[in-house]
Every structure is written in structure tokens, then in C-alpha cells.
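# coordinates only, sequence not included:
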């Protein structure tokens, strides 16, 4: 049982005009086995939250704390956070030419576990995970994300999540740019990890359609850098019907 | 008739100068450039005029000591190369040792041996000095029809920094096949001629490794002559030395010739590594492929790559492509990359070039680190990935293993730089 606790998190990005505040006091507690959906309009700071948790150097934490089972996550380097059990499925995965997917996966698994995985089991695990995500075998020998379609990149992110077995996974707009079939395959992957591990999920999305496949335990509406409303899955249905206008008006008048 | 449809793009003088003058990290990829009216090809449009008109000569008096403003020398640290321009240089600062395959003949001959001077002609001051100052030459012959059962290794060890000239000939006779590796170690001030003659139907691989110790200054003119249906794989690997300038020329003498020119370099703090290539398509139906990749790190690391390809009017059905990629790993390093393609006939199979210089990408680093991979390992993965395909292309296992080890050594240096300030 693990807990990821975000308290009063304020984050800025550096711009030409000086630091620009994006997150303005986020409070959120994630627990193993639970799925939280973060929904909100564009520019509300959803992705900033994801990248700040992972430790992207572009984002400056100006206030607040993030702890993973009591350990200060913000003190850790990017790779230390990953080794502590945090995983970020990125919206725009990065190409790494000349590094094969199989080499990359093995290097990451070795880094996370501290030991190289036993070869026979590892080869089988990778094979099964790829089959489950309907990824062709040849994929393993391609360079990481190079020339991948949008759907292939997202499957590859979920593949990593399945193999690296994080304590908490942040999925940053994993549904964006996917057709219905790809969305179903990717969602199945997330659901497998939910069933087979005790991971907690932070599902960041603009649209409700991925929530038809992955049922959240909690839904948080993100507006202007903080959580504006919280509820159960029924809140997603209400957003589907009403959109975000209600919150935007509220924020403008606040 | 096939005409080259894309990728034909010779930088104009302004463009080349701008590119050369830009800080490292900017990239141009001519492979994506479309043909446009602002660019012309051949007819003296490239900054230095046509390669066909470039002066070549065996006579010292014809090629004066450069000032550094010449097109040939504008990227080079001419002052540091000055000892190699002295027409009277007479040092004996290298020891040459050959371990040959049993089928291969090795001779030491005088400078009047008629087998010398058959491949190309000196094209710059260092080369014409090398030709005139060398008192003897090492001639390596792969007899006709023979397939060498082992690699032939030529070790050139620098023992002093007295300016020295050396001459080497590698001759693969008809239908022979061999691998010859030149290995430059120690420290020397050396101007060198390497003549490579590949007769009809022969298949030769020549690898030249510049693994000099600190202080070495080296200019080397590689001149290749490729016969009918002959194949040459020419590999240049440059890691060590203070200043290394290798100028590989390749010319075809009959149809069906095929040259692959592969280069790999890793420039460190204050190292100057320059590779100037010239492929002369003077006869029809020959093929050339040039692929050079380099990494740079540290203040004052400088890599220069010039790739000239000339397709003469007679050279119909030519197929050529050249590519240069630079990976800049730290601030203060500079890469100059200038591909030049001159085309005097439209009746070719294909012609193209690409050049790009990129920085080690912070987003790549973040992505790999976000998967738990520490920064050191992430950098190693990216640099290895950058060179991986090229190393596989070399096809000489001993050289490949050594290269991987050298890359590890270079990375270890950069890691200590990275870790230093953060520790």
C-alpha cells in the first residue's frame, strides 16, 4: 500500500517575461489501486502537474510538497523518482535514434530493479506484453519512437508501464490522437496493470471518452492551476453533458 | 532518363559561410531541401569554384604555403600545421610496422619506384610536401585472384615531433580481396600520403585509425583509384591527436566502380579534426556512398567535414549520396559541415546529400531518465545509438570492438566533466 501526497503545489515556468505561475496550490492524495481522473480545459495546468511530478527541468516548484510513502519526491532527480516507483506516460514520447526498443526496455528494467532481469523470463514477459498490445514482434528492433505513428507511441508507453510495474502511473493525455481501436487496446493495457498490480493511476485527459474504458474512482476538475471540483465517476458524465464553461466563468469572476 | 529530383542543393557562398559561422547546434538538413531557383549546381557556383578546376600537382613550387584564407584551409588551424608545409622537412619521427596476411606482399621501396604516384595527385600544400619529402614508401600488394585470409595491419607509431613525411601504397590487384588497417598511435608531426589502387573486380577495405596521443599533428592525403567493377570500402576513424586533417579523394577509372566512404570521429577539448572528401565521378555507371558521423565535446573541440562530389558530363548513370551528422555533447564545441554536389549531366541514377548538426537533446535525456536510467547511462545510450549503425557498417570485427571501447573512453571523459560541478 503506497501513498503519493501532493500538498499546496505551486509551479512556475520560465518565460521571456519572467516566471509564469501555472499551478496555484494543488492538493491531491493518490493511493495504491485507485484511479484518479484529472479533467480540465486546455491550458489549465494538467500536463504541468504531470511533468512537475516527473521532475522535468522546465518547471520550477515554488511552493508545496510531494511525498511518495513519506519520501520527499521533489528532492529526487528524474531517474530517482522513476526508481522510487513513479511512471509518466508522455503525451509526446521522444525519439531516440539508434537505440532499439528491446535495448531500451532492458536498460530501463535493469535501472528500476537494480539488477538485470533474468533473460528467459524477461524475453517472455516482453513478448506477452507486446502481443497483448497488438504490437508486431519487429517493433522490438526499431529505434525508440523513431518513425512511430501516434498510436504506436502510446502503445509503447503502455508497454513500458506494464513491464516496469510502477507504484504510481501518471498518464498524460494518453487518449489524445488515438482512433477508437487504438484507444481500446491502450485502455485494455491500463486495465491489465490495474488488475495485475497494485498501482495507483492519475489519468489526465481533456475528453471523457477514455473514461468509458477505464473507470475512475475519483474525478477532479482542474481549472486555472488548481482543483475546482471533485467527485466520483458521475462527475465525468456531467462534464460530458455540460463541458467546462461553468468553471471557466467561475474562474473569470473569481 | 532519370534525373535527380530532390536533394540537389549546393550551399551558396553566403549559406556556407553562414553555416560555418553559426554556433554549433544549428542544423541544416539538405536532404529535405527542395530544388529551388536560388540554388544552382556546378558551373563554378560553389564558393571555391568547380572541383574540376582545383590545382593538383607533384611540384612543390606549384602549391605555395597557405595563409589560412584559402577555401582549402579556411577552417584549419594553419599555424599549428605550419611544420608540415616545410618543403625541406626531413624528420624520422615514425616507425612503421606491418603484420601482413600470409597471401599479402609487403615491400619497402625507394621514392623512384614506378608504383608510386599512380593514384591521383597532391591537392594541397601538406600533400605535395608529403610527396616530395618522403624518401621511401611501404608498398602493400594483394596479388591477383587472392583472397587474404587475415587482416593486414600497418602500425604507424609516432616517436618524436620532428616533422616527418611518410608514403604508403595499398594495391589490390585484379579480383583480389583484402582488409588493410592503418593504425596511427603515439605522437608525431606527420604529413602522409596513402595511395589506394583497386584493380578490376577487386574488393578492398582500408581502415585508417587516427588514435594519436596528445600533441600529434597529422595531415594525410588518401588518394584512391577504383577500377572496373571494383569495390573499395574506405573507413576513417579519428579520435586522438591535437590536429588531424584527412583528405580522402576517390576517382573512378572504369564503369561499375563502387566506393563506400565511412568516417567516425570524436573531438574533445581543443582538438581539431577535419575530413575533406572528394569523389570524382569521371566515368559512367559508378556508385559512391559517403557517411561520416562525429561527436564533439569540450571547449574548443572543432570538427570540419567537407564533402565534394563531382559528376562530370561523361559520368551518366552515376549513383551518389553523402551524409554528415554531428552530435554536439557540450557547450564550446563547433562543427562545420559543408556538402558540395556538382552535377554536369542530368542522366544520372541519383545524387543527394544531407548534413545535420544537433545537440545532445535535453528531452531525450528527460525521457530516458523518466524510465529510471541515470544520466550517465542515458548519455551513453544516446551516443552509442548515434554511432551504432555506422560501426556495424565497418564490417571489421577488431576495428568495431576497438571503436566501441574508444567511445566508452571518450564518454568516461565527458562524464567526469558532467559529474564534476554537480558533485
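That came through fine. These figures come from a predicted structure and were not determined experimentally.
# give me the nearest residue to the one residue in the stretch 251-400 of chain B that gets nearest to chain A, chain neighbours excluded.
As assessed by C-beta to the nearest C-beta, chain A sits closest to residue B:385 within the stretch 251-400 of chain B, at 2.8 Å. All C-beta spots, glycine's among them, are computed from the backbone N, C-alpha and C. Excluding its sequence neighbours, the residue lying closest to residue B:385 (C-beta to C-beta, 6 or more residues apart in numbering or on different chains) is residue A:98, at 2.8 Å.
# residue contacts, that neighbour?
Contacts here follow C-beta atoms under 8 Å, 6 or more residues apart in numbering or on different chains; on that basis residue A:98 touches A:143, B:382, B:384-389.
# that one sits in which helix or strand?
In the assignment (DSSP states H and E), residue A:98 maps to strand A:96-100.
# next SSE after that strand?
Downstream of strand A:96-100, the first helix or strand assigned by DSSP H and E is helix A:101-113.
# so is that following helix next to chain B?
Yes. Using C-beta under 8 Å from any C-beta of the partner chain, a contact is recorded between helix A:101-113 and chain B, made by A:103-104, A:107-108, A:111-112.
# please list the residues of the stretch 1-150 of chain A that sit near chain B.
Neighbours of chain B within the stretch 1-150 of chain A, by C-beta under 8 Å from any C-beta: A:54-57, A:77-79, A:81-83, A:87-88, A:90, A:93-99, A:103-104, A:107-108, A:111-112, A:143.
# for residue A:153, phi and psi?
Taking degrees, to the nearest 10, you get phi -60, psi -40 for the backbone angles of residue A:153.
# nearest residue to it other than its sequence neighbours?
Excluding the flanking residues, the one nearest residue A:153 by C-beta to C-beta, 6+ apart is residue A:93, at 4.6 Å.
# please apply the same query to residue A:142.
Closest residue to residue A:142 apart from its sequence neighbours, by C-beta to C-beta, 6+ apart: residue A:101 at 5.9 Å.
# can you count the residues close to the one you found?
Counted with other C-beta atoms under 10 Å in any protein chain shown, residues neighbouring residue A:101 total 24.
# for chain B, which segments count as helices?
For chain B, the helices defined by DSSP state H occupy B:13-21, B:78-81, B:125-133, B:362-369, B:375-394, B:397-422.
# pLDDT on the last one, on average?
Read it as helix B:397-422. Across helix B:397-422, pLDDT averages out at 75.
# equivalent analysis for the first one, please.
Within the predicted structure, the mean pLDDT of helix B:13-21 is 37.
# helix or strand with the lowest mean pLDDT in chain B?
helix B:13-21 (a mean of 37; mean pLDDT, DSSP states H and E).
# in contact with residue A:50, which residues?
A:88, A:170, A:172, A:202, A:204.
# how many neighbours does the nearest residue to residue B:306 once chain neighbours are set aside have?
Distance criterion C-beta to C-beta, 6+ apart; nearest residue to residue B:306, sequence neighbours excluded, is residue B:276 at 4.3 Å. Neighbours of residue B:276 under the rule other C-beta under 10 Å: 21.
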